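*Asks:* Sequence first, predicted coordinates after that:
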Amino acid sequence: MTDVLAALNGLGLSETEIVIYQAVLATGSRPASVIAKKAGLKRAHTYNILEALKEKGIVQETIKNGVRHYSPIAPSSLLAMMENQVAELIQKKKKLEGIIPLLENIQNSIGRQAKVRLFQGKDGICEIFEDILRVGEDMFSFVDLQNSWSSYDDDSRHWIESFIQRREQRGITWRAIAVKSDVSDRELKRRSAAKRKVKILTGVHLPGEINIYGPKVALTSTKGEMIGALVENEPIADTLRAVHQVLWALLPDY
């Protein structure tokens, strides 16, 4: 029954609505009083829920001898309802995507003032990297993969692989100056090499990671406590990107 509750809840039904719907399935076309008794609920409350289910198209109403009877739609019809909801969500998503540039213009209408935001925890670090995808410009990175996401779990590895795949799909090139290590050797060999260029850096220790993209600079530490800072300031981003480019020209390929 837990699976039934979870599935019907995913359709947008409350727990009480699910109880009433199951009672209607079990009784067939019956008055609210019979359905209420089957569900173990008060008649008035049951009637209100039945009316809500009728509006959602889950139950149907007929009049027999002047009394309202309620009957369920075929369970297979619920799948069609879910498919309609999915189609509506897709349309809503497309409409939202269409106005994102307008909303961003409104946000930036006061001018590009320097902004600094702090993030904590895994979700916070993930949000920083999601911002890289939203900006959509190439990444210029200083990284030691031995210290970057060093505490792997299955969820983290899956998320990183998803990020890399989505980065590639968006045509974002990762230009990384990476510290030479066994971990870097392994990870660079294991991960997809599409839209990726890497230079070797030796003789230094980088406990944190720097990613420059567009007018933003992300500083993150994922070894131990996960914390990050996102700086949105074009002069700072351009300065660090210039330092990256100077070093890039001097370093060998990984």
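*Replies:* Everything's here; your move.

*Asks:* And the contacts of the helix or strand containing residue 4?
*Replies:* Assigned by DSSP states H and E, residue 4 falls within helix 2-10. Residues from elsewhere that reach helix 2-10 (CB atoms under 8 Å, 6 or more residues apart in numbering): 15, 17-18, 21-22, 78, 82. The C-beta positions use only the backbone N, C-alpha and C, and glycine is treated the same way.

*Asks:* Need these in CSV (columns: secondary structure and distance to residue 168).
*Replies:* Listed next are the contacts of helix 2-10 as CSV, based on DSSP: H, G, I helix; E, B strand; the rest coil; distance: CB to CB, whole Å:
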residue, secondary structure, distance to residue 168
15, helix, 43
17, helix, 44
18, helix, 42
21, helix, 45
22, helix, 47
78, helix, 38
82, helix, 32
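
*Asks:* Quick check on the residues you listed: which are buried?
*Replies:* With burial judged by 16 or more other CB atoms under 10 Å, the buried subset of the contacts of helix 2-10 is 17-18, 21-22, 78.

*Asks:* Quote the end-to-end distance of stretch 226-242.
*Replies:* End-to-end span of stretch 226-242 (CA to CA, to the nearest Å): 27 Å.

*Asks:* Any buried residues in that stretch, and which?
*Replies:* 226-228, 230-233, 237, 240-241.

*Asks:* Which of the residues you listed fall in strands?
*Replies:* Judged by DSSP state E, the subset of the buried residues of stretch 226-242 located in strands is 227-228, 230-232.

*Asks:* Between all of the residues you listed, which two are separated the most?
*Replies:* Farthest-apart pair in these is 227 and 232; separation 17.7 Å (CB to CB).

*Asks:* Pass me the low-pLDDT residue ranges in the stretch 1-150 of the chain, would you?
*Replies:* Where the stretch 1-150 of the chain drops to pLDDT under 70, the residues are 1-2, 107-114, 150.

*Asks:* same thing but 80
*Replies:* Along the stretch 1-150 of the chain, the model assigns pLDDT under 80 to residues 1-12, 104-114, 149-150.

*Asks:* Quick one: the strands in it, in order.
*Replies:* 59-64, 67-72, 115-120, 139-143 (DSSP state E, counting those that start in this stretch).

*Asks:* who does the first one touch, helix- and strand-wise?
*Replies:* It stands for strand 59-64. On a contact count with 3 or more CB pairs under 8 Å, 6 or more residues apart in numbering; DSSP states H and E, strand 59-64 meets helix 43-55, strand 67-72.

*Asks:* Please enumerate residues in contact with the longest one?
*Replies:* Pointing back at helix 43-55 there. Against helix 43-55 from outside (CB under 8 Å, 6+ apart): 16-17, 20-21, 24, 32-33, 35-36, 39, 41, 59-61, 70.

*Asks:* again, but for the last one
*Replies:* Where contact means CB under 8 Å, 6+ apart, the residues beyond strand 67-72 that reach it are 21, 24-25, 28-32, 35, 50, 53-54, 58-63.

*Asks:* between that strand and strand 59-64, how big is the angle?
*Replies:* On the basis of axes from the mean of the first three to the mean of the last three CA atoms, to 10 degrees, strand 67-72 is oriented at 150 degrees to strand 59-64.

*Asks:* tell me the angle strand 67-72 makes with helix 43-55.
*Replies:* Using the same axes, to 10 degrees: strand 67-72 against helix 43-55 is 60 degrees.

*Asks:* Surely residue 200 forms part of a helix?
*Replies:* No: assigned with DSSP: H, G, I helix; E, B strand; the rest coil, residue 200 falls outside any helix and is strand.

*Asks:* How about it: which residues does it bridge to?
*Replies:* On the basis of DSSP bridges, residue 200 takes part in beta bridges with residue 178.
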